[in-house]
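Colleague: Sequence unavailable; structure follows:
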């Protein structure tokens, strides 16, 4: 789920007003979590959830209700387009629900308003989750909420074209390029590899920095001008320079160009398997496959996204709210949730459940999740993401060099700051 | 000047091309709502459905409480239209025909509001509505829409053109301001009110952000808000969205057909004079 790119001007504005209006000094000392009662709970729990999950959660929560007599879970679904505005407005107007699903990059800015409750350590075990997923709720050492489900990015390729060209899927950056070249020359993928350079492109570039051994944040400041970052940007740019990736794909041209075979590969998340099976028609399922990210100089770290669950301080029913969140984090419940909406479990042990071990493509995602990171949950991240998208487009069109791009991103990042 | 047959043909061909350009997308969406999803996404697209199906509508009914959302949208839109017709023309009458100190300054202030994007007002309005305890109520959704500066402007322009003599005559006969307004002015304002009604209805019917933020439970969702739940980047159900769009557009089309005569008259009057 591409939760990270959803932010409207209204949302930022709302936040600005919120921050100014509350006049709340962000205290430097980390907030302490309070324990919750773990006994019997009762009463109503209001929950907001977004999109497909919002539609499905109401019925899914019936199991929780029958396990906890006297509890009623009221789920309000909302669309992705409005979710962020709706939550920030609700915070400003003190009209929050008990629990809400949030996008995986929202925890920082929402926690800054002081409306989120730190995760009680006596109920939730941090070690149960993928470390990369936990990062999405961890704001400077204090966790707000829990990761609910995750997605991560892997390498998709046309199996039929690779067989025709007689090549194995790549394991390193160098093999990545020879693989694409072989698909172009002998497999029929004339355009090569679909590498994003418009909206969301930063999600394909940032992992390359990690794979080169770099960090995008160090000691509370952004670091985009390190040698490692430049190595990552060079790898990104070289696909375009060497004509291995097209920079003239019309908007909406993907994934049709993959189904038609014009491009032979791309990096994306688990939802694409469903889209391809659906749009590709009968038999396309056998024509593509997934492998983990090709390894860079240091690692094969991928991007992890997804969504989190948070509890608000003004929750009417705090104990039941946290108990519901905890229930959704149980391995068996997570596995059942996967079968309901195909959302990948954020809890590691859920991947041992039979629902998740059957599909070989799914296993690739499970493997990749062990080595996946998230951008820092800073309030300004979306702003910076827009900057990166602009710079990456210039890079893809050959209007700047990796060094210039690194410098430009860093300059803007310094100007914007982390917002904390 | 008499036109030749050839000129007529050219005119009609031109008009037909323009018409096609305008209704083409509607036509495609309307027809696509009867196609299975795989056909909608196909490249190159088809115009006429290869396989006709009502499945999209059936699925939509099952997944979204479309009947309820339709009713909610109607309630909200009609209440907002009624509010604008009444208050817009009242305020417009005041600005057009009554004399009071600072009239032009106040009118300028009203007009200045048209320059403020609604999005800027959203957060303060929400906080206000929340403090009034109207979050998650119809009243909260409707209240901020009951009057808007465009309506005031439109009505003022129209009423300003009505002859003062009518009002003087009524006053001489002993009618009070309310009586003049309801008995003399309002009946004459029909074309302008049709225009205002249509514009307001369109705005209220399509309004998304405000109802989405104020309605906190699904049973208060209006159509655009309910349909938005189905919209997400990687798995957008185009089949459901086109079917939903048809349901959203249909009442507007019907309304437009009915009000068309007034509508054109109203635009012409308030615009040119």
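Modeller: Perfect, I can see it now. The structure presented is a predicted model; accordingly, all values stated were derived computationally and were not measured. Residues are numbered from 1 along each chain as shown, chains lettered A, B, ... in the order given.

Colleague: And the helices in the stretch 201-350 of chain A?
Modeller: Secondary structure of the stretch 201-350 of chain A (DSSP state H, counting those that start in this stretch): helices at A:202-211, A:227-241, A:256-259, A:271-280, A:318-328, A:331-341.

Colleague: Which strand or helix spans whatever residue of the stretch 51-200 of chain B ends up closest to chain A?
Modeller: With C-beta to the nearest C-beta as the measure, the residue in the stretch 51-200 of chain B that lies nearest chain A is residue B:130; the distance is 2.9 Å. C-betas here are computed from N, CA, C, even on glycine. When secondary structure is defined by DSSP states H and E, residue B:130 falls within helix B:118-131.

Colleague: And that helix, what does it pack against?
Modeller: Other helices and strands packing on helix B:118-131, by 3 or more C-beta pairs under 8 Å, 6 or more residues apart in numbering or on different chains; DSSP states H and E, are helix A:9-22, helix A:80-92, helix B:209-214.

Colleague: before we move on, the earlier item: my read is that the residue of the stretch 51-200 of chain B closest to chain A contacts residue A:94, right?
Modeller: Yes. Between residue B:130 and residue A:94 there is a contact at 6.3 Å, judged by C-beta atoms under 8 Å.

Colleague: higher neighbour count, those two?
Modeller: A count of neighbours by other C-beta atoms under 10 Å in any protein chain shown puts residue B:130 above the other of residue B:130 and residue A:94, at 19 against 13.

Colleague: show me the contacts for the residue of the stretch 51-200 of chain B closest to chain A.
Modeller: A:92-95 (C-beta atoms under 8 Å, 6 or more residues apart in numbering or on different chains).

Colleague: near chain B, from those?
Modeller: With respect to chain B, and counting by C-beta under 8 Å from any C-beta of the partner chain, the subset of the contacts of residue B:130 in contact is A:92-95.

Colleague: residue contacts, the nearest residue to residue A:113 once chain neighbours are set aside?
Modeller: Nearest non-adjacent residue to residue A:113, counting by C-beta to C-beta, 6 or more residues apart in numbering or on different chains: residue A:91, 5.2 Å away. Applying C-beta under 8 Å, 6+ apart, we find residue A:91 in contact with A:18, A:110, A:113, A:115, A:312.

Colleague: how far away is residue A:91 from residue A:102?
Modeller: Taking C-beta to C-beta, to the nearest Å as the criterion, residue A:91 is separated from residue A:102 by 11 Å.

Colleague: Now for these two: what residues contact both?
Modeller: Taking C-beta under 8 Å, 6+ apart as the contact rule, the neighbours common to residue A:91 and residue A:102 are residue A:110.

Colleague: Contact partners for residue A:332?
Modeller: Shown here is residue A:332, whose contacts under the criterion C-beta under 8 Å, 6+ apart are A:350, A:353.

Colleague: Tell me how many other residues crowd the residue of the stretch 201-350 of chain A found nearest chain B.
Modeller: When scored by C-beta to the nearest C-beta, the stretch 201-350 of chain A has residue A:271 as its residue closest to chain B, at 4.1 Å. As a burial measure, the neighbour count of residue A:271 was computed by other C-beta under 10 Å and equals 18.

Colleague: just checking, it touches residue A:151?
Modeller: Yes. Applying C-beta under 8 Å, one finds residue A:271 in contact with residue A:151, separated by 7.1 Å.

Colleague: who's in contact with stretch A:217-230?
Modeller: Contacts for stretch A:217-230 (C-beta under 8 Å, 6+ apart): A:209, A:212-216, A:298, A:376, A:378, A:384, A:402-403, A:406-407, A:409-410, A:413-414, A:418, A:420.

Colleague: If you count neighbours, what's buried in that stretch?
Modeller: Residues of stretch A:217-230 classed as buried under the neighbour-count rule (16 or more other C-beta atoms under 10 Å in any protein chain shown) are A:222-226, A:228-230.

Colleague: tell me the mean pLDDT for that stretch?
Modeller: This predicted structure assigns stretch A:217-230 an average pLDDT of 91.

Colleague: Stretch B:180-192 now?
Modeller: Model confidence over stretch B:180-192 averages 90 on the pLDDT scale.

Colleague: so how far does that stretch reach from one end to the other?
Modeller: Length of stretch B:180-192, first residue to last, C-alpha to C-alpha, to the nearest Å: 18 Å.

Colleague: same deal with stretch A:83-99?
Modeller: 13 Å.

Colleague: Tell me the buried residues in that stretch?
Modeller: Using 16+ other C-beta under 10 Å as the burial criterion, the residues of stretch A:83-99 that qualify are A:83-93, A:95-99.

Colleague: next one: stretch B:244-253
Modeller: Neighbour-count burial for stretch B:244-253, counted by 16+ other C-beta under 10 Å, picks out B:244-248, B:251.

Colleague: Now look at that stretch and say if it contacts chain A.
Modeller: No. Figure legend: stretch B:244-253 not in contact with chain A (C-beta under 8 Å from any C-beta); closest approach 11.9 Å.

Colleague: Touching, residue A:115 and residue A:315? I think so.
Modeller: No. Taking contact to mean C-beta under 8 Å, the distance of 10.2 Å between residue A:115 and residue A:315 leaves them out of contact.
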